[in-house]
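> Structure, please.
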Amino acid sequence: MRRFVHDDEQGQRFWQLALNDRAVELHWGLVGTNGSRLVKELPNAGKARAEHDRLVRQRLGMGYVEVDVEDGPASR
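Have a look, this model is predicted:
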């Protein structure tokens with residue numbers, strides 16, 4: 001599981017993703033909330049990896065910073 005955080009006018013946001021075979025599991029929201037979850041099923045593991053990498057690049061471009069899951073702000 002990779003975790004990213006970003007500060008904006010509404011507070012600190014978290015965004016997490018995990019690659020699981022043909023699926024990319026996403027979890028995002030404001031720190032301190034349950035946030036939202038989505039599982040994106042893809043046709044094969046290669047396409048899932050490509051989608052995972054694309055999403056990471058996208059979030060980094062938006063100003064998110066990767067943090068250690070254990071050290072990052074916790075969601076509830």
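
> Tell me the strands beside the strand or helix carrying residue 13, with direction?
Residue 13 belongs to strand 11-20 when assigned by DSSP states H and E. Applying DSSP bridges to the sheet, strand 11-20 is found paired with strand 2-8 (antiparallel), strand 23-30 (antiparallel).

> Just send the ones you listed back as a markdown table, with distance to residue 63 and mean pLDDT too.
The C-beta positions use only the backbone N, C-alpha and C, and glycine is treated the same way. A markdown table is the format used below for the strands paired with strand 11-20 (distance: least, Cβ to Cβ, whole Å; pLDDT from 0 to 100):
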| stretch | distance to residue 63 | mean pLDDT |
| --- | --- | --- |
| strand 2-8 | 5 | 96 |
| strand 23-30 | 14 | 98 |
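
> Arrange these in CSV, one row each, with distance to residue 58 as further columns.
Converted to CSV, these look like this (distance: least, Cβ to Cβ, whole Å):
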stretch, distance to residue 58
strand 2-8, 11
strand 23-30, 12
